[in-house]
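In: Predicted model, plus sequence, below.
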There are 2 protein chains.
Amino acid sequence: MSEEPAGGDLARLRRLNARTVVGVLRAEAPLTLTEIAAQAGLSRATVEDVIRELAGRGWIAEAERTAGTVGRPARRFRFRADAGRVLGVEIGTHTVRALVTDLDGRTLGAARSAVDPSTGRRRRLAAVDRVVARCLEKAQVAAAEVYATGVATTGLVDGAGRVMHADSPPEWTGVDLTEHVGRLVGGSVLVDNDSRLAALAERWRGTARFADDMVYVLAGPRCGSALISNGRLLRGFSNAAGEIGALSAVRWSDAPGHLMAWAREHAESPQAEQDPKRVFAAARDGDRSAATAVRRYVRDLAVGTSALVLTLDPQLVVLGGEFSQAADLLVEPLVAELNRTCVRTPEVKASTLGEECAVLGAVRLALDHAEQLPLERSAGL
Amino acid sequence: MSEEPAGGDLARLRRLNARTVVGVLRAEAPLTLTEIAAQAGLSRATVEDVIRELAGRGWIAEAERTAGTVGRPARRFRFRADAGRVLGVEIGTHTVRALVTDLDGRTLGAARSAVDPSTGRRRRLAAVDRVVARCLEKAQVAAAEVYATGVATTGLVDGAGRVMHADSPPEWTGVDLTEHVGRLVGGSVLVDNDSRLAALAERWRGTARFADDMVYVLAGPRCGSALISNGRLLRGFSNAAGEIGALSAVRWSDAPGHLMAWAREHAESPQAEQDPKRVFAAARDGDRSAATAVRRYVRDLAVGTSALVLTLDPQLVVLGGEFSQAADLLVEPLVAELNRTCVRTPEVKASTLGEECAVLGAVRLALDHAEQLPLERSAGL
């Protein structure tokens, strides 16, 4: 090349370089310029420039110098996780949760509130307002400081953050969550289905950390799924991917019924709450009718799971949702069923993240968005 | 930035720029330097450098000057589609095909040979050798000139080009096609399942040209599928994605049987070939038992198709395979079934590429690979 690249080319190169440097510093302890240059595959001069620019914008800071053995210690730089705040919100049928973190996903504040399943739209949204306010207060973060917010909701969500369809809670179909949550905080609001965000969380901090191809199966009062392929959530053309449970042939609509029916038949009184999870306790205690109900549940759950496994050939199936607490009863027979039907049976693991799974995924969604910001802002560098 | 970027950065920038310029010139008629610079978003000086380098390597040529209205016409450049040759091979149960094209996918030579379904591995591979040799001869291309070869085969193929499993033809499981075809021609050999490559072809030149999310359904004596998401083939963790037909609950294993059974019952003699396609002709002629067989076929085909649609939420379903010639009888009732079961019914279209579909996809696979070559080779530029 005969001359220095012109303006447009340099801007492109600088964006690339800024992304690389931020990536290196996020993944590591504080590094010297020489170390950053080596890991990023960039020249020292370029790294110096990028660091100067990103430091000016608050994304990178000099770490405290530690005394070396000989002479003056080299300057080290670190990513400033406190340069931004993100918010995660989960709106479920029984609970509303919020979580504020820094850019490394470290919790700065959390809040939750139980909600009656019969609560309608207006009062449910009011609970969201209260939980978000409480969470921000605990974290001592002003609403305007929030860089990005992820929202996990039950139901099918369109690309603009409106609930297209939800069987429950009442009046939930049609609610515009981007608009509602956008009035509470600054920054962008991103909304997605709770199973999908639970899958993101499993890949971030849960049991699927190294799986680029993963099927998440929601095992709860309703069966659901979320799919990750090549490291990305599969959303589909109209954001409706993962709805295989709607096909009666794969039996997911029948599966939880085996547990419900047992709980109903074995209720201590007709008024007692029919918690299907009681069947797992009874099965562990050697109750044969409970064991039969669990076996029927797994057999039906396996049909839809096989369909997903055969379609996507994932590395891993993660069993999530409230019934995944009974992994000791479910995983082994589920694997046996998959062995019967699948070309290759992937590993099957239960979620380890528990009830926080969806709100953690909402934080991850917000972080994915926030991570674009330093790069965009330094684009004109 | 205070100084000129260093060596490593420049190499990266140059690769990026070369890719951009090749992309612009492939998509367009011959362009002037100014036009290339505008479309690529690069400086004229950079474009001049890239063009000089790529021309030196044979990938770009100066187009003939056409007289302008005033003064000397500007120089124009074009991508040289004849800078490389690619080969596509299809090895089916009944036919072996080969196709040689230039880098624009223009046919330079084609050959095919019928093969008896009972033919074993050795004789089938010998047919491949003959068809490839004949095709290269027609195209007047030496085996060593082939840049890259795509191979479409029936069966499940592993990532290294070996057939993991094939119900037919005989002795096909275990054959190493990368190795066998690699002995016939120069360059890389890439092997994949015929349904997948048919899907690639539909997206390249067929009915799915604008669909980034697409399900290809192979409707033939065997049902099969291939999936494209975000513009990329879904291959899965062990290259076994798309095998939903193995799950009996989705009825693909039963579906073709309705047509076969009708053909058997209505054979003119027990020795007559039982071509299931005769049922379509009879159904069009108003034969009620034929119409019933077709209706049952579609009903079963729809179960597996619904499972794929609900899982992936594609923009488009393409019906391929030999039965897709009866699209007039199949598409409308298939859509009606999908309407009953799916959250959103995608568009359903029949393949328009006919029997050449898989070999064309094999060419596309080879082209995708070949298109990396000018960039790799100019990396040290």
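Out: Structure's in. What do you need? Numbers count the residues shown, from 1 in each chain, chains lettered A, B, ... in the order given.
In: Pull up the residues of the stretch 251-381 of chain A that are close to chain B.
Out: Contact residues (C-beta under 8 Å from any C-beta of the partner chain) of the stretch 251-381 of chain A with chain B: A:251, A:303, A:306-308, A:310-315, A:341-344, A:346. Every residue, glycine included, has its C-beta placed from N, CA and C.
In: PyMOL command to pick out the buried ones of those residues?
Out: Selection of the buried residues among those in PyMOL, burial being defined by 16 or more other C-beta atoms under 10 Å in any protein chain shown:
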select buried, chain A and resi 251+303+306+307+308+310+311+312+313+314+315+341+342+343+344+346
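In: ok, the spatially closest residue to A:Glu243 that is not a sequence neighbour - contacts?
Out: Ranked by C-beta to C-beta, 6 or more residues apart in numbering or on different chains and with sequence neighbours excluded, the top spatial neighbour of A:Glu243 is B:Leu310, at 4.7 Å. For B:Leu310, the contact set (C-beta atoms under 8 Å, 6 or more residues apart in numbering or on different chains) comprises A:Glu243, A:Ile244, A:Gly245, A:Ala246, A:Leu247, B:Thr341, B:Cys342, B:Val343.
In: wait, isn't A:Gly206 in contact with A:Leu353?
Out: Yes. If you go by C-beta atoms under 8 Å, A:Gly206 and A:Leu353 touch, sitting 4.5 Å apart.
In: so where does the residue in the stretch 101-250 of chain A positioned nearest to chain B fall, helix or strand?
Out: Taking C-beta to the nearest C-beta, chain B has its nearest neighbour within the stretch 101-250 of chain A at A:Gly236, 2.5 Å off. Here A:Gly236 is covered by no helix or strand, with elements defined by DSSP states H and E.
In: Could I get the phi/psi values of the residue lying closest to it once chain neighbours are set aside?
Out: Excluding the flanking residues, the one nearest A:Gly236 by C-beta to C-beta, 6+ apart is B:Asp313, at 2.5 Å. Backbone geometry at B:Asp313, expressed as degrees, to the nearest 10, gives phi 50, psi 60.
In: Would you enumerate the residues in contact with B:Asp313?
Out: Per C-beta under 8 Å, 6+ apart, neighbours of B:Asp313: A:235-243, B:213, B:343-344, B:346.
In: one more time with 10 Å
Out: A:156, A:234-243, B:213, B:215, B:229, B:342-344, B:346 (C-beta atoms under 10 Å, 6 or more residues apart in numbering or on different chains).
In: swap in A:Ser188?
Out: By C-beta under 10 Å, 6+ apart, the neighbours of A:Ser188 are A:Val146, A:Tyr147, A:Ala148, A:Thr149, A:Gly150, A:Thr178, A:Gly182, A:Ala366, A:His369, A:Ala370, A:Gln372, A:Leu373.
In: Swap in 8 Å and give it another go.
Out: A:Ala148, A:Thr149, A:His369.
In: Using CSV, please lay out these together with distance to B:Gln39.
Out: Output for those, formatted as CSV (distance: C-beta to C-beta, whole Å):
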residue, distance to B:Gln39
A:Ala148, 34
A:Thr149, 38
A:His369, 30
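In: of those residues, closest to A:Val132?
Out: Here the nearest of the contacts of A:Ser188 to A:Val132, counting by C-beta to C-beta, is A:Thr149; it sits at 8.6 Å.
In: which SS class is that closest one?
Out: Three-state call for A:Thr149 (DSSP: H, G, I helix; E, B strand; the rest coil): strand.
In: Show me what it is bridged to.
Out: With DSSP bridges as the criterion, A:Thr149 is bridged to A:Leu87, A:Val189.
In: do you know how far it is from B:Pro170?
Out: Distance, A:Thr149 to B:Pro170, using C-beta to C-beta, to the nearest Å: 60 Å.
In: what about these two, which has more around it?
Out: A:Thr149 (31 against 14; other C-beta atoms under 10 Å in any protein chain shown).
In: show me the residues around the more buried one that make contact.
Out: A:Thr149 neighbours (C-beta under 8 Å, 6+ apart): A:Val86, A:Leu87, A:Gly88, A:Val89, A:Val181, A:Val185, A:Gly187, A:Ser188, A:Val189, A:Leu190, A:Ala362, A:Ala366.
In: Please, a ChimeraX command that selects the buried ones among the residues you listed?
Out: ChimeraX command restricting the contacts of A:Thr149 to the buried ones, with burial defined by 16+ other C-beta under 10 Å:
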select /A:86,87,88,89,181,185,187,188,189,190,362,366
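In: And the strand or helix carrying A:Leu360, what does it pack against?
Out: Using DSSP H and E, A:Leu360 maps to helix A:357-370. The contact analysis (3 or more C-beta pairs under 8 Å, 6 or more residues apart in numbering or on different chains; DSSP states H and E) places helix A:357-370 against strand A:85-91, strand A:95-102, strand A:146-153, strand A:188-193, helix A:194-205.
In: and stretch A:132-143, how far from the chain's centre?
Out: 21 Å (C-alpha atoms, centre = their mean, to the nearest Å).
In: And stretch A:295-303, what's buried?
Out: A:Arg296, A:Tyr297, A:Val298, A:Arg299, A:Asp300, A:Leu301, A:Ala302, A:Val303.
In: that's a helix at the second one, yeah?
Out: If I follow you right, that is A:Tyr297. Yes. Checked against three-state DSSP, A:Tyr297 lies within a helix.
In: who touches the nearest residue to A:Gly161 once chain neighbours are set aside in this structure?
Out: Counting by C-beta to C-beta, 6+ apart, A:Gly161 lies nearest to A:Thr178, which is 3.0 Å off, once chain neighbours are set aside. Residues counted as contacts of A:Thr178 (C-beta under 8 Å, 6+ apart) are A:Val151, A:Ala160, A:Gly161, A:Arg162, A:Val189, A:Leu190, A:Val191.
In: Make a PyMOL selection of the buried ones in those residues.
Out: A single PyMOL command selects the buried members of these (16+ other C-beta under 10 Å):
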select buried, chain A and resi 151+161+162+189+190+191
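In: which residues of the stretch 1-150 of chain A fall in helices?
Out: A:7-27, A:33-40, A:44-56, A:121-139 (DSSP state H, counting those that start in this stretch).
In: Would you mind giving these as JSON lines with distance to B:Arg75 and mean neighbour count added?
Out: Formatted as JSON lines, the helices of the stretch 1-150 of chain A follow (distance: least, C-beta to C-beta, whole Å; neighbours: other C-beta atoms under 10 Å in any protein chain shown):
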{"stretch": "helix A:7-27", "distance to B:Arg75": "22", "mean neighbour count": "19"}
{"stretch": "helix A:33-40", "distance to B:Arg75": "38", "mean neighbour count": "18"}
{"stretch": "helix A:44-56", "distance to B:Arg75": "34", "mean neighbour count": "19"}
{"stretch": "helix A:121-139", "distance to B:Arg75": "62", "mean neighbour count": "17"}
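In: Make TSV from those helices and add distance to B:Ala38 to it.
Out: Shown next, in TSV, are these (distance: least, C-beta to C-beta, whole Å):
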stretch	distance to B:Ala38
helix A:7-27	11
helix A:33-40	31
helix A:44-56	28
helix A:121-139	48
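In: residues touching A:Ala327, list them.
Out: Per C-beta under 8 Å, 6+ apart, neighbours of A:Ala327: A:Leu319, A:Ala350.
In: Just confirm it is within a helix.
Out: Yes. Under three-state DSSP, A:Ala327 falls within a helix.
In: where's it relative to B:Glu268, distance?
Out: Separation of A:Ala327 from B:Glu268 (C-beta to C-beta): 60 Å.
In: For A:Val100, which residues are in contact?
Out: A:85-88, A:107-110, A:135-136, A:138-139, A:141, A:146.
In: let's go with 10 Å and repeat that
Out: A:85-88, A:106-111, A:132, A:135-141, A:145-146, A:149, A:185, A:363, A:366.
In: Apart from its neighbours in sequence, what residue is nearest it?
Out: A:Ala139 (3.9 Å).
In: Might one say that that neighbour is in contact with A:Asp82?
Out: No. Judged on C-beta atoms under 10 Å, A:Ala139 makes no contact with A:Asp82 at a distance of 11.6 Å.
In: Show me whatever sits in contact with both of these two.
Out: Common neighbours of A:Ala139 and A:Asp82 (C-beta under 10 Å, 6+ apart) are A:Asp102, A:Leu108.
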